[in-house]
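Asker: Model the structure of this input:
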Amino acid sequence: MFLIRSGAIAGYQRLVSQLGHNPVELIKVANLSAAQLRNPNTYVSYSKLAELLEISATACDAPLFGLMLSRLQSSSVLGELAITLSQQPTVGDALESVNRYLYLHARGVRLNSVQQGESVGLELAFDISSPRGIDQLIQMSVGQLATFMIDLLGPQQQIIPLQLRQQLPPSASPPIGRRAGVRIEFGAGSDGIRVPKPWLDRRPRFDEEAMRQHFREFIQLLEQRYPDNLRDQVRDIMGQLLPSGECTVQRVAATLDLQPRVLQKRLQEDGTSYAALLRETRLQIAQQHLGARTMAITDLALNLGYAEVAVFSRHFKQWTGYSPRAWQKLHEAASNA
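Answerer: Alright, predicted model coming up:
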């Protein structure tokens, strides 16, 4: 089964409400739960999410629902992956890393680079299917790709073509991009975007303010979910920061607008510590991915902030009594039984 982070459809409920419908009811029609989509780092079926988008487009009479949703989003829909990619040496390096780490966000989609003279086509290929089709999913994904490129490069004078194989529905008017700088082309030969080749040699723009805004919004979400539970707030922040290599007590404290010593003291008063919560968070994430086989053990170690797989394996065995691979086999045997 192909999975995707539920954070990919950030803004969904807001858009459906703006279009005059009840998002919770549409989520039920797709046999999903609103609770599943509340945590952006929860993994759901990719084909089921595609079905939800198609159901919503029909119910809202919005044939460009996927594009409309992408206009409400920023690169933060990629979660910590966006932060990791923006720190690559060049835009080209960031794009090469997309396929290497895309499974952290979604499995069942690939990004291919195709040389086209003095430009490069960045084309999305999907390995999933849905009984209702995946047109809306493609629209949303290509829109997200364009937004990601704009966030990497900053404002450009040259327009970025956003290309879709789909024909423009007769009753629909093409929406403008989420920002200036995007032109939507329907009936194209691929699903993706096209950029000038020299752009790939540029250094990505690391937008500190955008990252701060991402965490401000994240904190608002945490306060809604865990209004008085500092432990859960810290663990969620750790889950966001671990893959970026920025999971330090200083960074976690800053995200909560606390001094590190104040955070440590409050955790101590709550009967725990930063180190204990880091261990719990790493174990929970490791077991989730090992059980679902969503990534290789080497990649999992990197995703948990370890520079060496051997160190991760040693820690995991200390926590569970088993190596990661042995634990995975036992989990599969228990599930089959």
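Asker: How much space separates the closest residue to residue 151 other than its chain neighbours from residue 230?
Answerer: Excluding its sequence neighbours, the residue lying closest to residue 151 (C-beta to C-beta, 6 or more residues apart in numbering) is residue 75, at 4.4 Å. For glycine as for every other residue, the C-beta is placed from the backbone atoms N, C-alpha and C. Taking C-beta to C-beta, to the nearest Å as the measure, residue 75 and residue 230 are separated by 28 Å.
Asker: And residue 128, by the same measure?
Answerer: Plainly put, residue 128 is 39 Å away from residue 230 if you go by C-beta to C-beta.
Asker: from the middle of its chain, how far away would stretch 101-110 be?
Answerer: When distances are taken as C-alpha atoms, centre = their mean, to the nearest Å, stretch 101-110 is centred 9 Å away from the chain's centroid.
Asker: Just the mean pLDDT for that stretch, thanks.
Answerer: Taken as a whole, stretch 101-110 has a mean pLDDT of 78.
Asker: residues making contact with that stretch?
Answerer: Contacts made with stretch 101-110 from outside it, assessed by C-beta atoms under 8 Å, 6 or more residues apart in numbering, are listed as 2-5, 8, 46, 78-81, 84-85, 99, 111, 124-128, 141, 243, 294-295, 299, 303.
Asker: picking that back up, next, count neighbours for the residue nearest to residue 151.
Answerer: 22 (other C-beta atoms under 10 Å).
Asker: isn't it right up against residue 145?
Answerer: No: the criterion here is C-beta atoms under 8 Å, and residue 75 misses it with residue 145 at 10.1 Å.
Asker: Okay, domains of the chain per the record?
Answerer: Residue ranges for the domains of the chain, per automatic domain parsing: 3-201, 208-336.
Asker: Can you say which of those is packed in most?
Answerer: domain 3-201 (a mean of 18; mean count of other C-beta atoms under 10 Å).
Asker: End to end on that domain, go ahead and measure it.
Answerer: 32 Å (C-alpha to C-alpha, to the nearest Å).
Asker: how close does the spatially most central residue of the chain get to residue 159?
Answerer: In the chain, the residue lying closest to the centroid (C-alpha atoms, centre = their mean) is residue 78, at 2.7 Å. Per C-beta to C-beta, residue 78 is found 23 Å from residue 159.
Asker: how about low-confidence regions in the chain?
Answerer: In the predicted model, the chain carries pLDDT under 70 at residues 1, 36, 41, 79-81, 83, 103-104, 156-157, 173-180, 206-227.
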